[in-house]
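J.: give me a 3D structure for the following:
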Amino acid sequence: MALLAVNNLKKSFVVRTLFENVSFEIDTNDHVGFIGRNGTGKTTLFKILLGLEEYDEGSVYRNKGIKMASMEQTVLSSNSTLYESVLEVFNPLMQLENEIESINTRIENDSGDNLEKLVDKQQRLHERYEREGGLIYKSITRSTLLGLGFLENELSQPLSTMSGGQQNKAQLAKLLLSGSELLLLDEPTNHLDINSVEWLEEFLKSYKGAYIVISHDRYFLDKVTNKTMELSNGHISVSNGNYSRHMELKESENEVLRRKYLNTQKEIRRIYGIVEQQRRWGQAHNFVTAEAKLKQIERLKSTLVEPEKEESSIHFAFKADAVGGNDVLLTKGLSKNYGEKNLFKNADIHIRKGERVFLLGANGCGKTTLLKIITNKEHPSGGTYTIGSKVKIGFYDQTMSGLNGSNTALDEIWNEYPHLSQTEVRSALASFLFRGDDVLKNVEMLSGGEKARIQLLKIMLSGSNFLVLDEPTNHLDIASREALESALEEYDGSMLVVTHDRYLINRIADRILSMENGEIVEYIGGYDEYQEARNAENNNNQEIVSEEKTEKSNDYKMRKEKRSAINKASGEVKRIEQKISNAEQELENIEKEMAKPEVAIDYKKVAELSKNAEDIKETISSLYEEWEKASELLEELENS
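T.: This is a model prediction of the structure:
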């Protein structure tokens, strides 16, 4: 069933047509990746779908009653805590709770016929409450926030005191919990570390509704999408499959179009030759043949479809001007504290000439701080670090703090490299897609992607032989990321890179340094190898824990049998009484159980626990029957 249908949509701004003839449908189970270069109109199209932006031509059909949600539509209360703000998405359930509580109070005070009606209404409301997720919504909210990388103590902090990135994550949490039939997700992995992105992937893969997700994260797109839309050159193409499959199909289709285009042109040239020949012969029937051939040429021209030209992309290469020693970076016992908080300790790193090393870890674990220490922008609290002989560092700062906002793009490059001529600087900027008057724009007016390209260009021109890059693919579209990957792949120097881009890690990394619990653990290979190693470690740990649990369980059984021999009947009564007490409290306590950190981050476990609530009343009834029999037996034993 089509939730959304777009037909021949066109959108223009003044003299520029952003896109036209855009048509697609979104069905119930579609998980759509929406790709395209920065500035092609993806976000504008989202606004049109939401009814927030006008369009020039075409139509947008939304299934009647469809619930759509997007980041822009989600408004959070800044006066509430993080947890309370996100919980607002469940206002209907909270209102239902109040209604049930009100009826409970009336039942305690009413009697007669009215009481029977109230009890009936109470039961219906309870059934609706459970059906709509009333037993689990608080736990799912907590689970979602923890899964997205928030810490337990942050849930009770006022949202207004949190950073913009944290507020965006809170909006994402609210969006995911909205229960909408169609989600519009615009770069949802921004501000998320790898663990949180992987949690989001699992959430989206099991999402029962449809969604369209704008993203430049190819690894993420491959994991969570079954359909791909690409906006390019003002038109949209749609294919079944994830990002990688879409690119395969696109390349195959373009190759077919190129061959057909070239063959048709070749045929047209051949027929033109015949026309010229017939005209030279000059007989009447020759002119008739020539006219017929001209009509054939016109028919061929009408079928001629020129393959779309590749959109402009940055072209560059990193090259080391000097060759340094074999030891590029050596740290011993490096640590960093902020007051009593220890960010990391005992950081021992050895990077050799030509190595491509990637530094991974959760947000806030100290990766950026470590890079700043290495580049002499911060001081360590302990330990030492040594930069090798003739090593020249090129540092990419994700905060862009090294750029002067009042400079033009031209001046930003020229001021740092005054030995270059203006023509050389303009040529370099052109290779990074700054052409014409673009070079005269002030840096502070540039987009995040444009600033990233300026910073990359400065590093490229530096001739550094050791690249220290902090999230270099942030703000870059897929084409620019691929250009960066190619440049890094050809680079003959060394590098230390912090990134969440798993596609980049797989393509470039020799080894990975993972910051875990304040220390560094080394893994050989790219991201997939890192994941395999981590999974193997977890499996080993689980086996050890399982063996310990088995030993404890056996010991417990032996002690229980001993106690049972002493006072079996009394123990049985107490056991059943305890089970009854637990069962009566379970409806209230189930949310608390699911909110435990070790449970809350396991979304499937939360869902499983919620099903237990449906059997609680029946369980209590059967337990009372068991208690009566056990009590009778105990009384007989005591009186015997």
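J.: centre-most residue in the chain?
T.: Of all residues in the chain, the one closest to the mean position by C-alpha atoms, centre = their mean is residue 189, 2.9 Å from it.
J.: how close does residue 528 sit to residue 219?
T.: 10 Å (C-beta to C-beta, to the nearest Å). For the C-beta atoms, the positions are set from N, CA and C on the backbone; glycine is no exception.
J.: now for the two: what residues contact both?
T.: Shared contacts of residue 528 and residue 219, defined by C-beta atoms under 8 Å, 6 or more residues apart in numbering, comprise residue 506.
J.: neighbour count winner among these two?
T.: More crowded of residue 528 and residue 219, by other C-beta atoms under 10 Å: residue 219, with 23 against 12.
J.: right, and that one touches residue 503 too?
T.: Yes. The pair residue 219 / residue 503 is scored as a contact, 4.6 Å apart, by C-beta atoms under 8 Å.
J.: now do the buried residues in the strand or helix carrying residue 632.
T.: Element membership of residue 632, judged by DSSP states H and E, is helix 616-639. Of all the residues in helix 616-639, those buried under the rule 16 or more other C-beta atoms under 10 Å are 616, 623, 627, 630, 634.
J.: which ones are touching residue 185?
T.: 70, 71, 172, 175, 211, 212, 213, 214, 215.
J.: closest to residue 499 out of those?
T.: Nearest to residue 499 among the contacts of residue 185: residue 215, at 15.2 Å, using C-beta to C-beta.
J.: count the residues that sit near the closest one.
T.: 22.
J.: my guess is it contacts residue 221, does it?
T.: Yes. Between residue 215 and residue 221 there is a contact at 5.6 Å, judged by C-beta under 8 Å.
J.: overlap of the contact sets of the two?
T.: Applying C-beta under 8 Å, 6+ apart, one finds that residue 215 and residue 221 are jointly contacted by 33, 35.
J.: quick one: which of the contacts of residue 185 has the most company?
T.: Among these, residue 212 has the most neighbours (other C-beta under 10 Å), with 26 neighbours.
J.: can you tell me the closest non-neighbouring residue to it?
T.: Spatial nearest neighbour of residue 212, chain neighbours left out: residue 32 (4.4 Å); criterion: C-beta to C-beta, 6 or more residues apart in numbering.
J.: tell me the secondary structure of that neighbour, please.
T.: Under the three-state scheme (DSSP: H, G, I helix; E, B strand; the rest coil), residue 32 adopts strand.
J.: next, the buried residues of stretch 154-173.
T.: Buried residues in stretch 154-173 (16+ other C-beta under 10 Å): 154, 155, 159, 162, 166, 167, 168, 169, 170, 171, 172, 173.
J.: re the thing from before, and the residue nearest to the centre of the chain, what helix or strand is that in?
T.: Counting by DSSP H and E, residue 189 is part of no helix or strand.
J.: quick one: it from residue 204, how far?
T.: Residue 189 sits 11 Å away from residue 204, taking C-beta to C-beta as the criterion.
J.: and what of residue 474?
T.: Distance, residue 474 to residue 204, by C-beta to C-beta: 21 Å.
J.: bridged to the residue nearest to residue 212, which residues?
T.: Residues in a beta bridge with residue 32, per DSSP bridges, are residue 212, residue 227.
J.: per-residue pLDDT, it?
T.: You'll see residue 32 listed with a pLDDT of 97.
J.: do you know how far it is from residue 22?
T.: Applying C-beta to C-beta, the value for residue 32 to residue 22 is 14 Å.
J.: ok, now residue 174?
T.: Taking C-beta to C-beta, one finds residue 174 at 29 Å from residue 22.
J.: which among the buried residues of helix 616-639 gets closest to residue 227?
T.: residue 616 (41.5 Å).
J.: one step back: quick check: phi and psi at the residue nearest to the centre of the chain.
T.: Torsion angles at residue 189 (phi, psi; degrees, to the nearest 10) stand at phi -90, psi 0.
J.: and it, what does it touch?
T.: 197, 200, 215, 217, 220, 500.
J.: hang on, isn't the first one packed against residue 500?
T.: Yes. Residue 197 is within contact range of residue 500, at 6.6 Å (criterion: C-beta under 8 Å).
J.: next helix or strand past the worst-scoring helix or strand of the chain on mean pLDDT?
T.: Ranked by mean pLDDT, DSSP states H and E, the weakest helix or strand in the chain is helix 527-594, scoring a mean of 64. For helix 527-594, the succeeding helix or strand toward the C-terminus, using DSSP H and E, is helix 597-600.
J.: output that next one in PDB with nothing but the alpha carbons.
T.: What follows is helix 597-600, C-alpha atoms only, in PDB (Å, rounded to 0.1, in the frame of the first residue of the first chain):
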ATOM      1  CA  PRO A 597      21.300  -0.500  32.300                       C
ATOM      2  CA  GLU A 598      22.200  -4.100  31.400                       C
ATOM      3  CA  VAL A 599      18.600  -4.700  30.300                       C
ATOM      4  CA  ALA A 600      17.700  -1.300  28.900                       C
END
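J.: now it: mean pLDDT?
T.: 72.
J.: from the contact counts, what lies against that helix?
T.: When contacts are defined as 3 or more C-beta pairs under 8 Å, 6 or more residues apart in numbering; DSSP states H and E, helix 597-600 packs onto helix 137-147, helix 603-612.
J.: where does the stretch 401-550 of the chain dip in pLDDT?
T.: Scanning the stretch 401-550 of the chain for pLDDT under 70 picks out 540-550.
J.: who are the packing partners of the helix holding residue 632?
T.: helix 527-594.
J.: helix/strand/coil for residue 496?
T.: strand.
J.: hmm, residue 371 and it touching each other?
T.: Yes. With contact defined as C-beta under 8 Å, residue 496 reaches residue 371; the gap is 7.2 Å.
J.: please identify every residue contacting each of the two.
T.: Common neighbours of residue 496 and residue 371 (criterion: C-beta under 8 Å, 6+ apart): 359, 468.
J.: ok now stretch 126-141, how far from the chain's centre?
T.: Stretch 126-141 sits 27 Å away from the centroid of its parent chain (C-alpha atoms, centre = their mean, to the nearest Å).
J.: buried stuff in it?
T.: Neighbour counts over stretch 126-141 (16+ other C-beta under 10 Å) mark 129, 133, 134, 135, 136, 137, 138, 139, 140, 141 as buried.
J.: same check on stretch 430-446?
T.: For stretch 430-446, a neighbour-count test (16+ other C-beta under 10 Å) marks 430, 431, 432, 433, 434, 438, 439, 443, 446 as buried.
J.: sort the contacts of residue 185 by pLDDT and name the bottom one.
T.: Of all the contacts of residue 185, residue 71 carries the smallest pLDDT score, 78.
J.: show the contacting residues for that residue.
T.: Here residue 71 is in contact with 168, 171, 172, 175, 184, 185, 186, 188 (C-beta under 8 Å, 6+ apart).
J.: and for residue 35?
T.: By C-beta under 8 Å, 6+ apart, residue 35 lies in contact with 214, 215, 216, 221, 228, 229, 230, 231, 243, 246, 478.
J.: any chance of a markdown table for these, columns distance to residue 96 and secondary structure?
T.: Shown next, in a markdown table, are the contacts of residue 35 (distance: C-beta to C-beta, whole Å; DSSP: H, G, I helix; E, B strand; the rest coil):
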| residue | distance to residue 96 | secondary structure |
| --- | --- | --- |
| 214 | 35 | strand |
| 215 | 36 | coil |
| 216 | 41 | coil |
| 221 | 38 | helix |
| 228 | 40 | strand |
| 229 | 38 | strand |
| 230 | 43 | strand |
| 231 | 42 | strand |
| 243 | 41 | helix |
| 246 | 43 | helix |
| 478 | 45 | helix |
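J.: and those, which is closest to residue 272?
T.: The shortest approach to residue 272 among those belongs to residue 230, at 36.2 Å (C-beta to C-beta).
J.: tell me, how many residues neighbour that closest one?
T.: Residue 230 - counted by other C-beta under 10 Å - has 21 other residues nearby.
J.: now do the contacts for it.
T.: Contacts of residue 230 by C-beta under 8 Å, 6+ apart are 34, 35, 36, 236, 237, 238, 246, 250.
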